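**Q** structure for the following, please:
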Amino acid sequence: MAVIPIFEEERISEDVLDARVIHVTATGLIARDGRVLLGRRTSTVRFAGMWDAFGGHCVPCEEPSSALVRELAEELGITAVRPRFLGIYEDVDPTSKDLFRHYLFLVTRWNGEPKIANEEHSEIRWFDPEQAERLNLAPSLKEAIRRVLPKKP
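**A** Numbering: from 1, shown residues only. So this is what the prediction gives:
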């Protein structure tokens, strides 16, 4: 497919980018005592009905760590204290088929008590790594939980 610019001088490349939408998010694995806090999504549009870590879209020019702190306050009513960056992963949402690029953080310290603070999750629960493995949860999150949470002896 050819790119047709409005003005000829606007053409910067002959290449056509993949038409998929890319969503950039900051995501936090909230962990305490060998367990992780996860929420069941209420959305029917993105990751419908799945269990998920907490976080959300970065707004333009927002640092991922700042986006994470903002999203955790909006979703759980907590303030993350020094989240630790774990890495970047990508996945495709099985519902919308959109591509997501997640900046993943580990959150082990926060102020406040986690609770459902908006309509994005129908329930939240603590899971040990073995329980999380059995959930309808993105494979990349299962892998991250295996990496960061200690195994039971």
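
**Q** use CA for all of it now, contacts and neighbours both
**A** Fine.

**Q** so where do the strands sit in the protein?
**A** Taking DSSP state E as the test, the strands found in the chain are 22-32, 35-41, 51-52, 54-57, 79-80, 84-92, 99-107, 110-111, 121-127.

**Q** excluding chain neighbours, what is closest to the residue sitting nearest the centre point of the chain?
**A** Closest to where the C-alpha atoms of the chain average out (C-alpha atoms, centre = their mean) is Thr27, at 3.5 Å. Distances taken as C-alpha to C-alpha, 6 or more residues apart in numbering place Gly55 nearest to Thr27, at 4.4 Å, with adjacent residues excluded.

**Q** contacting residues for that neighbour?
**A** Shown in contact with Gly55 (C-alpha atoms under 8 Å, 6 or more residues apart in numbering): 25-28, 67-68, 71-72, 75.

**Q** quick one on the thing from earlier: in this structure the residue nearest to the centre of the chain contacts Phe105, no?
**A** Yes - between Thr27 and Phe105 there is a contact under C-alpha atoms under 8 Å: 6.1 Å.

**Q** how close does Phe105 get to Gly55?
**A** Distance, Phe105 to Gly55, by C-alpha to C-alpha, to the nearest Å: 10 Å.
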